[in-house]
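[1] predicted model follows, preceded by the sequence.
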Amino acid sequence: MPFGLGMWEIAILIGVLALLFGAKGVPQVARRLGTSVREVKQAVGEVDPRRMLEAGDEADEQKRRPSDTQ
C-alpha cells in the first residue's frame, strides 16, 4: 500500500475526510490535490539539471574573483 498504509488506515482517512469536508467536498479536495501534484511534477520535469549546475558554477566564479571596486 502507498506510504505504508493498510486498508483500514486508508478507510479511516477517507471517513475522516468525509466528515470534515462532506460527501460532496471529498471529490473536490481529491481533484485539487491531484492537480497540485501534477503541476509540481510538471515544474520539476521542466527544470534542466545542467542549467542549474551552470548557474551554480557562475556564482562560484563570481565569489572567487577579486572585486574590481577595491
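    Cool, got the structure. Numbers count the residues shown, from 1 in each chain.
[2] quick check: closest non-adjacent residue to residue 5.
    Excluding the flanking residues, the one nearest residue 5 by Cβ to Cβ, 6 or more residues apart in numbering is residue 13, at 7.6 Å. Placement of C-beta: from N, CA and C, glycine included.
[3] residues in contact with the helix or strand that contains that neighbour?
    In this assignment (DSSP states H and E), residue 13 forms part of helix 7-21. Around helix 7-21, the neighbours that count as contacts under Cβ atoms under 8 Å, 6 or more residues apart in numbering are 1, 5, 26, 28-29.
[4] hey, C-alpha coordinates of the helix or strand that contains residue 32 in CSV?
    Assigned by DSSP H and E, residue 32 belongs to helix 25-46. Extracted as CSV, the C-alpha positions of helix 25-46 are listed here (Å, rounded to 0.1, in the frame of the first residue of the first chain):
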residue,chain,number,x,y,z
GLY,A,25,-16.4,18.0,-0.8
VAL,A,26,-14.1,15.0,-0.8
PRO,A,27,-14.0,14.7,-4.7
GLN,A,28,-13.2,18.4,-4.9
VAL,A,29,-10.4,18.1,-2.4
ALA,A,30,-9.0,15.0,-4.2
ARG,A,31,-9.2,16.8,-7.6
ARG,A,32,-7.4,19.8,-6.2
LEU,A,33,-4.7,17.6,-4.7
GLY,A,34,-4.3,15.7,-8.0
THR,A,35,-4.0,19.0,-9.9
SER,A,36,-1.4,20.3,-7.5
VAL,A,37,0.7,17.1,-7.7
ARG,A,38,0.5,17.2,-11.5
GLU,A,39,1.7,20.8,-11.5
VAL,A,40,4.6,20.1,-9.2
LYS,A,41,5.7,17.1,-11.3
GLN,A,42,5.5,19.2,-14.5
ALA,A,43,7.5,22.0,-12.9
VAL,A,44,10.2,19.6,-11.7
GLY,A,45,10.3,18.0,-15.1
GLU,A,46,10.9,21.4,-16.8
